[in-house]
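Trainee: Quick one, what's the 3D model for this:
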Amino acid sequence: MSGASSPVEVAGPRAVIVKSAAGDPRPNLVDYDAARAGFDWAAESARLDRAGTGLVNIAHEAVTRWAASERAEHPALRLLGTGGTNATVTYRELDRLSNRFAAMLTASGIQRGDSVFVALPRTLSLYVAALGIWKAGAVFSPLFTAFGPEPVRQRLQIGEAAAIVTTPRLYRRRVEPIRAEVPTLRSVLCVQVDGDPPEGTVDADALAAAMADSAVMADTGPDDPAIVHFTSGTTGRPKGALHVHGAVVAHRSTAEQALDLHPDDVFWCTADPGWVTGTSYGIIAPLSLGVTVVVDEGDFDAQRWYGVLADERVSVWYTAPTAIRMMMRLGAEAARAVELPSLRFIASVGEPLAADAVSWGVDAFGLPIHDNWWQTETGGIMVANYASQPIRPGSMGRPVPGIDTALLAMTDAGDVELDEEDRPRVLTGDGVEGMLAIRVGWPSMFRTYLGEEARYRSCFVGDEGQWYVSGDIVSRDAEGYLWFVSRADDVIKSAGHLIGPFEVESALTEHPAVAAAGVFGKPDAIAGAVVKAVVVLRDGHEPSDDLRRELLGHARRKLGPAVAPREIDFAASLPLTRSGKIMRRLLRARELGLAEGDLSMLEPTT
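Mentor: Sure thing, here's the model as predicted:
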């Protein structure tokens with residue numbers, strides 16, 4: 001169990017969990033309203049190491065500043081290898097290794113602004129490469145190692161890749177088959193080479209080892225390109241969201257506020273750096289605060305994860321709803337059997353965290369799980385539940401200091417409603433539901449979609465594009481908490497009712513037999529669409545007509561007949577993205593008998 005005192009549940013129209021801070025470090029954000037009222041991004045920027053010089057480089061803030069300070073020998077990374085080989089790397093050593101990597105890139109012909117892709121497992125090489133790329137002034141573009149050749153080709157082409165850093169094995173499987181189709185790709189830099197590198201590639205480790213340890217740091221500014229993250233496109237083409245070096249201001253600020261990171265924390269972000277969370281909060285944010293970061297090379301295994309939390313004395317844990325649901329299937333007893341005296345804060349991101357998962361954290365760890373919300377395009381956490389503030393299970397939380405949100409009125413088609421002068425109507429009052437928008441101006445906001453400027457501009461509305469439109473429909477309660485309803489393009493319109501799939505999924509997962517649920521709209525000649533659910537059962541429960549009727553009745557009681565599913569199927573698993581989001585579009589495609597290649601026939605989703 002965690003060493004923190006147990007939270008207290010308070011009954012109300014929407015349950016509230018109040019977390020006791022006894023025994024914890026003083027929360028970074030104590031008074032939410034005062035923090036918002038007094039927040040200023042310029043003041044946050046002034047906290048950077050080179051404030052006032054006009055220079056900002058993510059790698060400088062993440063490692064070089066600490067290597068030149070009293071924290072030089074503080075552990076930066078605790079590396080847990082799949083073969084049982086573990087290692088600790090200090091800030092001084094990480095700075096030295098990334099200096100060499102940056103010098104190697106420059107010697108290999110990589111120039112400032114060049115796009116360097118990285119396809120590596122969660123090993124030291126990945127972190128050294130990312131930091132070295134930023135030091136060289138190039139642009140870091142992470143790839144999932146599970147991608148096949150085709151998605152790799154698409155991203156390399158869109159990003160006009162100058163180089164890719166990968167292993168010999170991944171090169172042969174992912175890059176070599178499509179290399180001739182990427183004419184901009186000048187260099188393939190292999191790490192972890194055993195013997196000779198593949199033909200047409202170079203041994204990057206050997207080249208870097210021959211470089212000097214001396215400091216390397218490009219004179220980048222806050223608006224210079226630093227990162228490209230790819231996110232799913234509505235027509236199958238990935239979108240390359242460009243972020244800048246100045247984003248580090250938001251990364252470190254939100255990690256203090258929303259994740260409550262303190263300098264002596266041991267932090268574990270389970271996200272792969274191929275996903276934006278794994279870069280923003282697995283690399284940049286914790287290192288820019290001088291925190292020790294746990295890096296686990298292995299895939300998910302609940303029992304082993306409990307061992308990591310215990311053995312590494314993790315104090316702040318940032319994970320995803322998918323992992324939490326998998327742990328829930330083992331029961332709270334498995335968590336309670338592990339001594340976790342250091343664990344004091346748990347957060348989740350990737351998709352909405354159902355209320356039962358938040359409360360399960362209390363049962364399993366003695367700690368609630370704090371949901372937060374953001375997107376690839378926002379670059380950092382925008383909405384969160386905080387260490388010192390009450391949690392409303394099922395809620396996204398409230399906007400972080402420095403972030404202004406609004407709910408915009410929508411048309412029946414699910415678009416933002418605009419007047420004759422293309423201005424949106426901002427909804428006021430409690431209990432309203434609309435499109436979540438964020439006032440532009442935060443440092444980690446994406447700056448374009450590569451090669452798709454018109455598509456980028458379409459993400460903004462209002463005078464001079466003052467609102468970024470998220471595509472998520474949410475509601476807001478009297479206390480300012482936001483509640484996810486659905487993606488705008490996931491809304492099910494049934495007999496005149498607009499139904500958010502997440503609301504139905506949450507109700508179904510409250511049933512003790514249901515581990516997970518996916519909901520979509522099944523075409524219907526009369527209603528337009530009816531709600532259909534696919535559920536995954538918990539261990540000890542078997543599909544049956546009786547259970548199907550029981551679940552249908554449970555949902556009708558929870559949601560009412562207009563919202564509850566009309567049909568339920570059972571499945572062993574749900575189709576998920578790498579970040580753990582339910583692929584409702586694929587569920588609908590299966591219902592219609594479409595092959596995955598026919599998905600363009602469906603209404604687009606993000």
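
Trainee: From now on I want contacts and neighbour counts done on CA atoms only, so please keep to that.
Mentor: Fine.

Trainee: Can you verify my assumption that Ser214 contacts Ser98?
Mentor: No. The pair Ser214 / Ser98 is not scored as a contact, 10.3 Å apart, by Cα atoms under 8 Å.

Trainee: the more surrounded of those two?
Mentor: More crowded of Ser214 and Ser98, by other Cα atoms under 10 Å: Ser98, with 29 against 11.

Trainee: Once you drop chain neighbours, what's closest to the more buried one?
Mentor: With sequence-adjacent residues excluded and distances taken as Cα to Cα, 6 or more residues apart in numbering, Ser98 is closest to Gly132, at 4.5 Å.

Trainee: For Gly431, give me phi and psi.
Mentor: In terms of degrees, to the nearest 10, the main-chain angles of Gly431 are phi 80, psi 10.

Trainee: re earlier: would it be right to say that the residue nearest to Ser98 lies in a helix?
Mentor: Yes. Assessed by DSSP: H, G, I helix; E, B strand; the rest coil, Gly132 belongs to a helix.

Trainee: mind listing what it touches?
Mentor: 59, 98-103, 105 (Cα atoms under 8 Å, 6 or more residues apart in numbering).

Trainee: Which one (most neighbours) among those residues?
Mentor: Phe101 (31 neighbours).

Trainee: Could you check how far that one is from Val191?
Mentor: Computed as Cα to Cα, to the nearest Å, the Phe101 to Val191 distance reads 11 Å.

Trainee: just Ser141 next, same as before
Mentor: The gap separating Ser141 from Val191 is 17 Å, by Cα to Cα.

Trainee: distance between the ends of stretch 488-501?
Mentor: Stretch 488-501 end-to-end distance (Cα to Cα) = 11 Å.

Trainee: now that stretch, how far from the chain's geometric center?
Mentor: Relative to its chain's centre, stretch 488-501 lies at 25 Å (Cα atoms, centre = their mean, to the nearest Å).

Trainee: Now do the buried residues in stretch 576-594.
Mentor: For stretch 576-594, the neighbour count (16 or more other Cα atoms under 10 Å) marks 579-589, 594 as buried.

Trainee: Ser141 and Val191: which is more packed in?
Mentor: Ranked by neighbour count (other Cα under 10 Å), Ser141 and Val191 place Ser141 first, with 27 against 20.

Trainee: Provide the secondary structure category for the more buried one.
Mentor: What three-state DSSP gives for Ser141 is strand.

Trainee: Provide a list of residues in contact with it.
Mentor: Counting by Cα under 8 Å, 6+ apart, Ser141 touches 115-118, 227-229.

Trainee: Please enumerate the helices of the stretch 501-606 of the chain.
Mentor: Ranges of helices within the stretch 501-606 of the chain are 501-509, 545-559, 584-592, based on DSSP state H, counting those that start in this stretch.

Trainee: Packing partners of the last one?
Mentor: Contacting helix 584-592 under the criterion 3 or more Cα pairs under 8 Å, 6 or more residues apart in numbering; DSSP states H and E are the following elements: strand 514-524.

Trainee: picking up where we left off before, quick one, which of the helices of the stretch 501-606 of the chain gets closest to Pro273.
Mentor: Smallest distance to Pro273 across the helices of the stretch 501-606 of the chain (Cα to Cα): 24.3 Å, for helix 584-592.

Trainee: how about the CA coordinates for the closest one, as CSV?
Mentor: Extracted C-alpha coordinates of helix 584-592, given in CSV (Å, rounded to 0.1, in the frame of the first residue of the first chain):
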residue,chain,number,x,y,z
ARG,A,584,-14.9,3.1,-32.1
ARG,A,585,-14.7,3.6,-35.9
LEU,A,586,-13.2,0.1,-36.3
LEU,A,587,-16.0,-1.4,-34.2
ARG,A,588,-18.5,0.3,-36.5
ALA,A,589,-16.6,-0.9,-39.5
ARG,A,590,-16.8,-4.5,-38.3
GLU,A,591,-20.5,-4.1,-37.7
LEU,A,592,-20.9,-3.0,-41.3
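
Trainee: How far does it sit from its chain's centre?
Mentor: Averaged C-alpha coordinates place helix 584-592 at 24 Å from its chain's average position (Cα atoms, centre = their mean).

Trainee: how big is the angle separating it from strand 514-524?
Mentor: Angle of helix 584-592 versus strand 514-524, following axes from the mean of the first three to the mean of the last three Cα atoms, to 10 degrees, is 60 degrees.

Trainee: re earlier: and which of the buried residues of stretch 576-594 is nearest Trp483?
Mentor: Using Cα to Cα, the buried residues of stretch 576-594 come closest to Trp483 at Lys581, 17.1 Å.

Trainee: my guess is the closest one meets Glu351, correct?
Mentor: Yes. With contacts counted by Cα under 8 Å, Lys581 reaches Glu351, the gap being 5.9 Å.

Trainee: Minimum distance to Cys459: which of the helices of the stretch 501-606 of the chain has it?
Mentor: Cys459 lies closest to helix 584-592 among the helices of the stretch 501-606 of the chain, at 21.7 Å (Cα to Cα).

Trainee: could you give me the average pLDDT of that closest one?
Mentor: Averaging pLDDT along helix 584-592 yields 85.

Trainee: ditto for stretch 420-434
Mentor: Mean pLDDT, stretch 420-434: 91.

Trainee: Quick check: the residue most central in space within the chain vs Ala409, distance?
Mentor: Against the mean C-alpha coordinate of the chain, by Cα atoms, centre = their mean, the closest residue is Thr277 at 3.5 Å. Separation of Thr277 from Ala409 (Cα to Cα) stands at 30 Å.

Trainee: and for the longest helix seen in the chain, what are the contacting residues?
Mentor: Counting by DSSP state H, the longest helix found in the chain is helix 91-107. Identification of contacts with helix 91-107 by Cα under 8 Å, 6+ apart yields 63-64, 66-68, 71-76, 128-129, 131-136, 204, 207-209, 211-216.

Trainee: can we see that at 7 Å?
Mentor: For helix 91-107, contacts defined as Cα atoms under 7 Å, 6 or more residues apart in numbering pick out 63-64, 66-67, 72-76, 128-129, 131-133, 135-136, 207-209, 211-216.

Trainee: Tell me which of those fall in strands.
Mentor: 75-76 (DSSP state E).

Trainee: Write a PyMOL command that selects only the buried members of the contacts of helix 91-107.
Mentor: Once 16+ other Cα under 10 Å is used to decide burial, the buried members of these can be selected in PyMOL as follows:
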select buried, resi 63+64+66+67+72+74+75+76+128+129+131+132+133+135+136+207+208+211+213+216
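
Trainee: Show me where the stretch 401-550 of the chain dips below the pLDDT cut-off.
Mentor: 413, 496-498 (pLDDT under 70).

Trainee: run the last query once more with 90
Mentor: For the stretch 401-550 of the chain, the stretches with pLDDT under 90 are 411-415, 420-422, 429-432, 463-465, 485-504, 506-507, 523-529.

Trainee: same thing with the stretch 1-150 of the chain?
Mentor: Along the stretch 1-150 of the chain, the parts satisfying pLDDT under 90 run over 1-26, 83-85, 144-150.

Trainee: quick check: domain ranges of this protein?
Mentor: As assigned by automatic domain parsing, the chain contains the domains 31-299, 404-489, 491-601.
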